[in-house]
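got a sequence here, can you model it:
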Amino acid sequence: MSGFANKTIDPAFVRSAQRGDMKAHEIIYRQFSGPVYTIALRMTGSPTVAEDILQETFVEVLRGIAKFRGEASLATWIRRIAVSRCLMHLRAAWTRRRQLFSEIAGVDGTYEIPANEETPELAMDLEAALDTLSPTARAVVWLHDVEGFTHEEIASMMNRTRSFSKSQLARARKRLRERLAAVQPPPQAMTA
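Now for the predicted structure:
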């Protein structure tokens, strides 16, 4: 569940937020804005779009907090809203047109991620490999492999079938393996 896994919030803050307490709203935002931004960035591949989705998600969260029933954790509820916003963005007609234009014109919409000190090349290679996927495939990979959604859940969110989710994931993983294998340096010959 990426950054949402270790996020909890005192139920008293949730009740205060439900009554319209602005300080409680701020606490909820501060607690969950990082994970929301991260999931939006990873699913869309665009920092600008991720910022928009972050704002849209919290507008929806704060408007709907009074109706939050607590049947799931607040983190799970916010995560669902963020994923829904990402998928809405990916389904939008203008997003598909922008992607087509990018492919035709060769526009590079990539961005840099912070590299791990131990393996900076791998972080960049993985990000570059993810950028080669279609937005749909990237979303399926992120939802399944990072966020832990099942194929049934992904299919439901995307209004597709379970087999669609499974095939998207299989093709995306194959493409990622090929891409990462192409950039891996040849193994050093063992010295005796």
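
may I see the buried residues of stretch 71-84?
L74, A75, W77, I78, R79, I81, A82, V83 (16 or more other C-beta atoms under 10 Å). Glycine gets a C-beta too; all of them are placed from N, C-alpha and C.

looking at those, which is nearest Y29?
Using C-beta to C-beta, I78 comes nearest to Y29 of these, at 9.9 Å.

do you know the pLDDT at the closest one?
With respect to pLDDT, I78 has a value of 93.

same deal with E117?
If you check E117, the pLDDT there is 47.

now do the one 5 residues further on
With respect to pLDDT, L122 scores 47.

again, but for Q99
52.

again, but for M88
Taken from the predicted model, the pLDDT recorded for M88 is 86.

separation between it and I81?
11 Å (C-beta to C-beta, to the nearest Å).

ok, Q168 next?
22 Å.

check M158 too.
From M158 to I81 the distance is 16 Å (C-beta to C-beta).

excluding chain neighbours, what is closest to the residue nearest the centre of the chain?
In the chain, the centroid-proximal residue (C-alpha atoms, centre = their mean) is I39; its distance is 2.8 Å. For I39, ignoring the flanking residues on the chain, the nearest one in space by C-beta to C-beta, 6 or more residues apart in numbering is A82 at 5.3 Å.
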